[in-house]
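Engineer: the sequence and its predicted three-dimensional model are supplied below.
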Amino acid sequence: TLVFDIKFSDSPSSGSGVSHAMTLRVNNLVITHNRNITASVSANTPSVTAPTSGATGIGARPTLTSTAFATTGGSDTHSSTDWQISSDAAFATIVQQASSDTVNKTTWTPTADLSFLVTYYARVRHRGAIAGASQWSSSVQFTTRAAPTINAPSFTSPASTGVPQTPTFASTAFTVNGGT
């Protein structure tokens, strides 16, 4: 009599659709064990919550915000997020992106300024440690603000008549429209 105690471990667990087979042969006896793994947990499709779609006057480095990571069919850990900003609705021309960002999981600010008075599109997708990537969110459309302008100062003194040989000049304050 032969007694076998066979243990199989799948740690860390494999992704969905993975198949494991084990065959034990002793003389003319063949024992085969097949194990198919199907992950039942999936990452829900997130939404971009800021900026809101159709927003105008958005700064050159907008902070994008997404809904919280959520799953269907089980629990998972939010491992990273993909962010994209495009100049077209089809996302053929990506102007800024962060891929597999493990730090900025629900908010992200582009690393460079966007152009002024341009319409952009943004989307996000979450990644779970087990479930993998969600679907891309629906895109939001937003338009950046106009470029800041400097108001021209005007002289407040000296007056146009009776100016001394070494005048002291004074002007209105330096101001900027639409920026700092």
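Structural biologist: It's in.
Engineer: pretty sure T81 sits against N104.
Structural biologist: Yes: using Cβ atoms under 8 Å, T81 makes contact with N104 at a distance of 6.6 Å. For the C-beta atoms, the positions are set from N, CA and C on the backbone; glycine is no exception.
Engineer: overlap in contacts, these two.
Structural biologist: Jointly contacting T81 and N104 under the rule Cβ atoms under 8 Å, 6 or more residues apart in numbering are A98.
Engineer: so S80 sits against N104, correct?
Structural biologist: No: applying Cβ under 8 Å, one finds S80 not in contact with N104, separated by 9.2 Å.
Engineer: pick out whichever of the two has more residues nearby.
Structural biologist: Of the pair S80 and N104, S80 is the one with more neighbours under other Cβ atoms under 10 Å, namely 19 against 15.
Engineer: so where is this protein shaky, pLDDT-wise?
Structural biologist: Along the chain, the model assigns pLDDT under 70 to residues 1-22, 24, 35-39, 179-180.
Engineer: quick test: name the residue nearest the centre of the protein.
Structural biologist: W83 (2.5 Å; Cα atoms, centre = their mean).
Engineer: so what's that one up against?
Structural biologist: 64, 96-98, 101, 104, 108, 122-124.
Engineer: now the element after the strand or helix carrying it, going C-ward?
Structural biologist: Assigned by DSSP states H and E, W83 falls within strand 78-86. As assigned by DSSP H and E, the chain's next helix or strand after strand 78-86 is strand 94-101.
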